[in-house]
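Student: this one's structure only:
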C-alpha cells in the first residue's frame, strides 16, 4: 500500500502513453504522424479525446480512416 497513491497517478500516465503510441501507429498507416493528425483535428474543430481515438484505431480502422480523411481535408 505504500506505493498505491503514486501508482494510481502513474497508471494514468502510462495509459495516455499507450493511447498515443496506438494513434501514432495507425496514423502512420494512413500517411501522417501523430502530431500532424492532432493538429489537423484541432484545425478542423473535431473534438475527440485520445482514449476514443486509440479505441477507434484498434477496433474500428474504417472509422479511424474517415476521421483522418476529414481532418486532412
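Tutor: Looks like it arrived, so ask away. Just so it is clear, the structure is predicted and the values come from calculations on it, not from any experiment. Residues are numbered from 1 along each chain as shown.
Student: Secondary structure element for residue 48, which one?
Tutor: Using DSSP states H and E, residue 48 maps to neither a helix nor a strand.
Student: Next: residue 28.
Tutor: Going by DSSP H and E, residue 28 is part of helix 4-29.
Student: If I look at the closest residue to residue 68 other than its chain neighbours, what pLDDT would I see?
Tutor: Nearest in space to residue 68, with sequence neighbours left out and distances taken as C-beta to C-beta, 6 or more residues apart in numbering, is residue 30 at 4.7 Å. Yep, even glycine has a C-beta here, placed from its N, CA and C like the rest. Per-residue confidence (pLDDT) for residue 30: 96.
Student: any idea how far residue 30 is from residue 67?
Tutor: The gap separating residue 30 from residue 67 is 10 Å, by C-beta to C-beta, to the nearest Å.
Student: Settle it for me: which of the two has more neighbours?
Tutor: More crowded of residue 30 and residue 67, by other C-beta atoms under 10 Å: residue 67, with 23 against 15.
Student: How about the contacts made by the more buried one?
Tutor: Contact analysis of residue 67 by C-beta atoms under 8 Å, 6 or more residues apart in numbering lists 41, 46, 48, 53, 56.
Student: mind redoing it with 10 Å?
Tutor: 26, 30, 37, 40-41, 44, 46, 48, 52-53, 56-57, 60 (C-beta atoms under 10 Å, 6 or more residues apart in numbering).
Student: what does residue 60 give?
Tutor: By C-beta under 10 Å, 6+ apart, the residues touching residue 60 are 66-67.
Student: Mutual contacts of residue 30 and residue 67, please.
Tutor: Joint contacts of residue 30 and residue 67 (C-beta under 10 Å, 6+ apart) are 37, 57.
Student: Mean confidence (pLDDT) on the helix or strand containing residue 63, please.
Tutor: If you go by DSSP H and E, residue 63 is part of helix 61-72. The average pLDDT for helix 61-72 rounds to 96.
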